[in-house]
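Participant: following is a predicted model, sequence given first.
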Amino acid sequence: MCFSAMALTPPAQTPSPAARLRVKTWICATIVILTNVFGDFFMKRGMSAAPAMTSPLGYIATLFQPWVTVGVALLIVWQLSRMALLSWADLSYVLPVTSIGYVLVALLGRLFLHEQITSTRWAGIALIVTGVALVSGGTPQTAQPHEGVAP
Amino acid sequence: MKWIVVLIMTAATTIGEVLQAAGMRRHGEIKDFRPTAIGRALTVLVRNRFVIGGFVMMAVSFFAFMKLLTLTDLSFAVPVSAVTYVAETFLAKYVLKEQVNWLRWTGASLVICGVLLVSL
């Protein structure tokens, strides 16, 4: 994946571990956010054409609707990238930072489905962006796996 | 019916995500992103009890979400899941022993308010 080049050949001027961790966190978080947003988007698109889900078989059949399949594939990548991110980043960091996805959902709705964004929604979007900006600038990792906690 | 599905979905999401975070933290930082290394990590992770438990809960949450989408709009189904932020941030502090500083509390609170406004 995109990090493989980094893993194989360290850059000439090695960045500090904290800076390296932050860049790695941002790249991985971007993948987590995009696969989540587009996964949900395709799921919803496919679900509207799905058969009635009255039996377990109905649920299985729904999974093979074309757009649902694309959505499910993206959501699998989302889960795997999220697991990788959580292997080093705190849950209390990952949660607010990945919530920028809510903003992208609203913008996608405006761009592709011509939905209105009311002033209330713009206010909500501003709050989310502020929250994400506050948390994402901080350190992604506080609880160490073996020793106590880092400052 | 709608609220029963919401309850199942949010409870399963909260428990599942905390279990997943606990499992991945026990596994340790993933540093190598070459396909063979990812495959090796996955074979270790499928035996991780926390990760397995997390997956079971998230499967429950996923099917509850699918059911909810047939009952309501995405503009209701997605924001209602913001309830899990409160529960998960508390569990992150007291169960996962993360240092939730004021920046994170403020950020999480702003996000919750924002998600509620977006859903109005």
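Facilitator: Perfect, I can see it now. None of the values given here were measured: they were computed from a predicted structure.

Participant: hey, let's count contacts and neighbours off CA atoms from now on
Facilitator: OK.

Participant: low pLDDT regions in chain A?
Facilitator: A:1-13, A:49-54, A:143-151 (pLDDT under 70).

Participant: next secondary structure element downstream of the biggest helix by length in chain A?
Facilitator: In terms of residue count, the longest helix belonging to chain A (DSSP state H) is helix A:17-47. Later in the chain than helix A:17-47, the nearest helix or strand by DSSP states H and E is helix A:56-63.

Participant: now the longest helix of chain A against helix A:56-63, angle please.
Facilitator: Helix A:17-47 runs at 110 degrees relative to helix A:56-63, counting by axes from the mean of the first three to the mean of the last three Cα atoms, to 10 degrees.

Participant: report all helices and strands that helix A:17-47 contacts.
Facilitator: helix A:66-86, helix A:91-98, helix A:100-112, helix B:49-71 (3 or more Cα pairs under 8 Å, 6 or more residues apart in numbering or on different chains; DSSP states H and E).

Participant: tell me where chain B has helices.
Facilitator: All helices of chain B, identified by DSSP H, fall at B:2-27, B:35-45, B:49-71, B:74-80, B:83-94, B:102-119.

Participant: quick one: which of these is nearest A:Ile117?
Facilitator: Comparison of the helices of chain B against A:Ile117 by Cα to Cα identifies helix B:102-119 as nearest, at 8.8 Å.

Participant: mind listing what's buried in the closest one?
Facilitator: Neighbour-count burial for helix B:102-119 flags B:103-119 (criterion: 16 or more other Cα atoms under 10 Å in any protein chain shown).

Participant: same check on stretch A:66-74?
Facilitator: So for stretch A:66-74, counting by 16+ other Cα under 10 Å, buried means A:66-72, A:74.

Participant: tell me which of the residues you listed is nearest to B:Phe63?
Facilitator: Out of these, the member with the shortest distance to B:Phe63 (by Cα to Cα) is A:Val72, at 11.8 Å.
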